[in-house]
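>>> Below: sequence and its predicted model.
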Amino acid sequence: MRFLRSFWLVGGGLVSLLIGVVFLPLPPPFFGMVFIAIAIPMLASGSKRARRLIQHGRWKFLQRSQYLERALRLTPRWISIYLRKTDPGPIIRRMRQKNTRSLLL
């Protein structure tokens, strides 16, 4: 049952992401962003690998990630729950631990 749920979430997320990317260059660009905003939580809830990939992307663009954190207050609860799982904090903590270990050696 769990496999089936994750299969549908990842499949629906990929389809929604594809639709969002297709609609992005069309005249109202906001319409494509809506599909992308729906696809990201679906992918994050359906696949651990996708969640880690999104987390890594948020770490790479940390300043943009802070804007996303502000926008999370306005999103519906079901979206914000899954987007909070992609918080780049663990990656930052791991990098800080690596740096302190190398300084101690």
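Cool, got the structure.
>>> surely Val34 meets Gly20?
Yes - the criterion here is C-beta atoms under 8 Å, and Val34 meets it with Gly20 at 7.3 Å. Using the backbone N, CA and C atoms, a C-beta is placed for each residue, glycine as well.
>>> So these two - more neighbours on which side?
Gly20 (19 against 14; other C-beta atoms under 10 Å).
>>> Using PDB, write down the CA coordinates of the helix or strand harbouring the more buried one.
In this assignment (DSSP states H and E), Gly20 forms part of helix 2-23. C-alpha atoms of helix 2-23 as PDB (Å, rounded to 0.1, in the frame of the first residue of the first chain):
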ATOM      1  CA  ARG A   2       2.800   2.400   0.900                       C
ATOM      2  CA  PHE A   3       4.600   1.600  -2.400                       C
ATOM      3  CA  LEU A   4       1.400   2.400  -4.400                       C
ATOM      4  CA  ARG A   5       1.000   5.700  -2.500                       C
ATOM      5  CA  SER A   6       4.500   6.800  -3.200                       C
ATOM      6  CA  PHE A   7       4.300   5.700  -6.800                       C
ATOM      7  CA  TRP A   8       1.200   7.900  -7.400                       C
ATOM      8  CA  LEU A   9       2.800  10.800  -5.500                       C
ATOM      9  CA  VAL A  10       6.000  10.700  -7.500                       C
ATOM     10  CA  GLY A  11       4.100  10.100 -10.800                       C
ATOM     11  CA  GLY A  12       1.700  12.900 -10.200                       C
ATOM     12  CA  GLY A  13       4.500  15.200  -9.100                       C
ATOM     13  CA  LEU A  14       6.500  14.500 -12.200                       C
ATOM     14  CA  VAL A  15       3.500  15.100 -14.400                       C
ATOM     15  CA  SER A  16       2.700  18.300 -12.600                       C
ATOM     16  CA  LEU A  17       6.300  19.400 -12.800                       C
ATOM     17  CA  LEU A  18       6.400  18.800 -16.500                       C
ATOM     18  CA  ILE A  19       3.200  20.700 -17.000                       C
ATOM     19  CA  GLY A  20       4.600  23.600 -14.900                       C
ATOM     20  CA  VAL A  21       7.800  23.700 -17.000                       C
ATOM     21  CA  VAL A  22       5.800  23.700 -20.200                       C
ATOM     22  CA  PHE A  23       3.600  26.500 -19.100                       C
END
